[in-house]
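[1] Turn this into a model:
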Amino acid sequence: MEYTFSLEFIYLIASITYILGLKMLGHPETARRGNLIAAAGMILAIFGTLFLYQGDEVPNKIYILIAIAIVIGTIAGWLIAKKVDMTKMPELVSLFNGMGGASAALIGLIEFHHYVGNQLYIATIIAGMVIGSVSFAGSMIALGKLNGTFKKPIRLPKYNLLNNLVFLAIIAFGIFMVVSGTSSQLFLYLLFFSALAYGILLVIPIGGADMPVVISLLNSFTGLAAAFAGFLYGNKVMLTGGILVGSAGTILTFAMCNAMNRSLSNVIFGAFGSSSGDEAEGHEITGSIKKATVSDVAILMNYSQKVIIVPGYGLAVAQAQHVIHELEQLLDSKGIDVKYAIHPVAGRMPGHMNVLLAETNVEYDKLAEMDDVNPEFANTDVVFVVGANDVVNPAAHNDPSSPIYGMPILEVENAKHIIVNKRSMKPGYAGIENELFYNQKTSMLFGDAKDILTKLVSELKSM
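    Okay, here's the model as predicted:
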């Protein structure tokens, strides 16, 4: 492919915007602006390619089709993103990520016969197609799990062995296609469908509690597939974008693994969503549940000096993020020190709670990460857990037989008073009971989060 100096310069500018945008995504205060800068760079690269590329003559009808596709994709993406509920944001991320993987796979299917005989390019095409196919199929299964289509993990007999055998077979078959120089479309499509099958087999056993790890891992796959496509076309901006997405996704995967107390090898080859070793259920919990009323909690908070709110997926389900921000502002107006404790894997995707609270314009200095906030719980008068479960379960460091043992958690049990808002005593995604609910310092405030928070705000306003 031929690129003019002007186009190369545009690609350089676009690459810089990607790097700047990614850097700015590292902090909530600059994340939105960073996203816009990177998006502007992508738009610049797309239109630069369309109008400045000099190579084989492209028929006008191709440009018309490209323009139609851009318009349709832009309108559809805009409408979907504007209308999606915060509870559906993880599904949207999985869908968009899957589309990226599908694009990389389609590039491989289309370009394969153009490069038969060139081992380097065939290896690039096959690698991009396989990784993109795995990312697409895995993302679609993740989407189904997040929206409730696949409510329970499906584990085939000896599924770890089966998955690893399919993985090795795909690698071996891909190497055979590269070394043999075959031009067989049958072999190409056999490899393609095998990669799709592996993507399904990889994600189908995963429990919902591990979904943040899965999403970040699949995101890194899509970035890697895009980087291979960029190398194939000699397109530096595509290569840069793919490398950035792939490396950022990999780094995030390591962070999620640490937050879930899983090694990367266990994520790729092990049992997603299950404990290491035997399927432990944890020891039997003894004690009683203490219930609280909205009035009890309002009085307790009104006379507190420090309150820490722990948001979870239940807050997103109830769409109560605006009400909890109102509660925070009300407590703050009373001179009470208030902040939010954010666990890395709270919700259904990395950063889910940060995005949820950013929607309500919560001040960024109110958001405290797990490592920073854990030492503060001992000096906290009230911890208010809203819709969170496994990320505050003391069994993670109290019970060696628990499936979540060793997982870093928010150590809310150290606070003076603990209020937990849940609809019921139903376990979280890990499927185990929470020791915290039976703690003598814990009071359960049952009910829909939005309804409870609205009543709580009303009570506090009257005091």
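[2] Enumerate the strands of the protein by residue range, in sequence order.
    Assigned by DSSP state E, the chain shows strands spanning 306-311, 337-342, 367-369, 382-386, 417-422, 442-446.
[3] How about residues contacting the second one?
    This points to strand 337-342. Contact with strand 337-342 is made by 305-311, 328, 331-332, 353-354, 357, 362, 366-370, 373, 383, 410, 412, as judged by Cβ atoms under 8 Å, 6 or more residues apart in numbering. All C-beta atoms are positioned from the backbone trio N, CA, C, and that covers glycine.
[4] tell me the average confidence for that strand?
    Per-residue pLDDT over strand 337-342 has a mean of 94.
[5] looking at this structure, which helix or strand does the model trust least?
    Lowest on mean pLDDT, DSSP states H and E among the helices and strands of the chain sits helix 264-269, with a mean of 64.
[6] coming back round to it: tell me which of the strands of the chain lies nearest to Pro212.
    strand 337-342 (12.5 Å; Cβ to Cβ).
[7] Buried residues, that closest one. List them.
    Of all the residues in strand 337-342, those buried under the rule 16 or more other Cβ atoms under 10 Å are Val338, Lys339, Tyr340, Ala341, Ile342.
[8] Ala31 is in contact with Leu25, correct?
    Yes. Using Cβ atoms under 8 Å, Leu25 is in contact with Ala31, at 5.0 Å.
[9] Residue ranges in the stretch 51-200 of the chain under the pLDDT threshold?
    54-56, 86, 151-153, 155 (pLDDT under 70).
[10] Point to the residue nearest the middle of the protein.
    Centroid check for the chain by Cα atoms, centre = their mean gives Met349 as the closest residue, at 3.0 Å.
[11] Not counting residues beside it along the chain, what's closest to that residue?
    The shortest distance from Met349 to any non-neighbouring residue, by Cβ to Cβ, 6 or more residues apart in numbering, is to Pro90 (3.9 Å).
[12] show me what contacts the one you found?
    Leu146, Met211, Ile215, Gly347, Arg348, Met349, His352.
[13] quick one: contacts for the last one?
    Same thing as His352. Met89, Pro90, Pro212, Tyr313, Ala316, Ala346.
[14] now those residues in CSV, with distance to Phe437?
    Output for the contacts of His352, formatted as CSV (distance: Cβ to Cβ, whole Å):
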residue, distance to Phe437
Met89, 28
Pro90, 26
Pro212, 23
Tyr313, 17
Ala316, 21
Ala346, 17
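[15] Could you identify which of these has the most neighbours?
    Ala346 (29 neighbours; other Cβ atoms under 10 Å).
[16] Let me know the outermost residue of this protein.
    Glu57 (41.5 Å).
[17] Quick check: of the contacts of Pro90, which lies closest to Pro403?
    Closest to Pro403, out of all of those and judged by Cβ to Cβ, is Met211, at 15.6 Å.
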